[in-house]
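Participant: please work out how this folds:
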Amino acid sequence: MIRVRRSEDRGHAQHGWLDSHHTFSFADYYDPAQMGFRALRVINEDRVAPGEGFPTHSHRDMEILSYVLEGGLEHKDSLGTGSVIRPGDVQRMSAGTGVAHSEFNASQQEPVHFLQIWILPERRGLTPGYEQKHFPEESRKGQLRLIASPDGEEGSVSIRQDVRLYSALLAPGQTVRHALAPGRHAWVQVARGAVRLDGQTLHAGDGAAISEEQAITLTADAPSEILLFDLS
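Facilitator: Numbering: from 1, shown residues only. Below is the predicted model of the structure:
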């Protein structure tokens, strides 16, 4: 079973400095039919104007991943971490019992375009933590590269939930296939380009929830960047 979530049906917030699209209910956008999928709670596609950003704010009991598509995102938090996240980087912040952080566009000239992903943790009250790793384009071209997993396998960042997240960069005509174990589910998010999934074309911003399938096959119709979540 495949349920497509079209880009134009997402929630949208325009704050001048911030242009944000919400795949699932978030902030002032609420749809009881779009509260997440399995442990996946938030996929926000954000564009932040030069020099602007999110002042210090707090989170609890959430695994938060930042995935930059263009530009640089400057991060500072109450754990003492400071970094700039760029394309190919994956940042994981485990909010746990509580963490405060800020996120700003690292450039005064160019916008930053990124996905922020929230995953419900395996349990509440975990110790906060931070991790950031780089995944070169070469490791993601024409194949699904594991970038987040419960145990940090294959050099991925570690998240405290039974979720495996893959990234792929596909040239036109390239195909990737991912087998789903019995009882597993998947979410596909198209970050850029266009891919075919079971006869349906997904464009940038589109997502798809997949259940009761043995495998997922994606074929690119244009240069594409995709994320694939394998979920319990």
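Participant: grab the most central residue of this protein for me.
Facilitator: By CA atoms, centre = their mean, the chain has its centre lying nearest to residue 117, at 4.3 Å.
Participant: what residues are up against that one?
Facilitator: Residue 117 makes contact with 40, 42-44, 64-67, 165, according to CB atoms under 8 Å, 6 or more residues apart in numbering. To be clear about C-beta, it is placed using only N, CA and C from the backbone, and glycine gets the same treatment.
Participant: wasn't it part of a helix?
Facilitator: No - checked against DSSP: H, G, I helix; E, B strand; the rest coil, residue 117 lies outside a helix; its state is strand.
Participant: who's it bridged to?
Facilitator: For residue 117, the beta-bridge partners under DSSP bridges are residue 43, residue 65.
Participant: now it: how far from residue 26?
Facilitator: Look at residue 117 and residue 26: by CB to CB, to the nearest Å, they are 12 Å apart.
Participant: what sits in contact with each of these two?
Facilitator: With CB under 8 Å, 6+ apart as the test, residue 117 and residue 26 both reach 42, 44.
Participant: number of residues surrounding the residue nearest to residue 52 when sequence neighbours are not counted?
Facilitator: Among residues not flanking residue 52 along the chain, residue 17 sits closest, at 3.8 Å (CB to CB, 6 or more residues apart in numbering). A total of 15 residues lie near residue 17 under the criterion other CB atoms under 10 Å.
Participant: quick check: the residue nearest to the centre of the chain vs residue 74, distance?
Facilitator: Residue 117 is 18 Å from residue 74, by CB to CB.
Participant: what do you get for residue 60?
Facilitator: Applying CB to CB, the value for residue 60 to residue 74 is 23 Å.
Participant: which one's more surrounded, these two?
Facilitator: Between residue 60 and residue 74, counted using other CB under 10 Å, residue 74 has the larger neighbour count: 16 against 13.
Participant: next up, phi/psi of the residue nearest to residue 52, please.
Facilitator: In terms of degrees, to the nearest 10, the main-chain angles of residue 17 are phi -80, psi -20.
Participant: which pLDDT value belongs to it?
Facilitator: For residue 17, the pLDDT comes out at 96.
Participant: and what of the one 4 residues further on?
Facilitator: Reading off the confidence values, residue 21 has pLDDT 98.
Participant: make sure it is indeed in a strand.
Facilitator: Yes - using three-state DSSP, the secondary structure at residue 21 is a strand.
Participant: how near is it to residue 10?
Facilitator: For residue 21 relative to residue 10 (CB to CB), the value is 5 Å.
Participant: what is the closest residue to residue 184 other than its chain neighbours paired to in the beta sheet?
Facilitator: Among residues not flanking residue 184 along the chain, residue 230 sits closest, at 6.0 Å (CB to CB, 6+ apart). Following DSSP bridges, residue 230 is listed with bridge partners residue 164, residue 186.
Participant: could you pull up the residues touching residue 230?
Facilitator: By CB under 8 Å, 6+ apart, the contact set of residue 230 is 163-166, 178, 180, 184-186.
Participant: of those, which is the most crowded?
Facilitator: Most surrounded of the contacts of residue 230: other CB under 10 Å gives residue 165, at 27 neighbours.
Participant: and the pLDDT for that one?
Facilitator: At residue 165, pLDDT is 98.
Participant: over to residue 76?
Facilitator: With respect to pLDDT, residue 76 scores 88.
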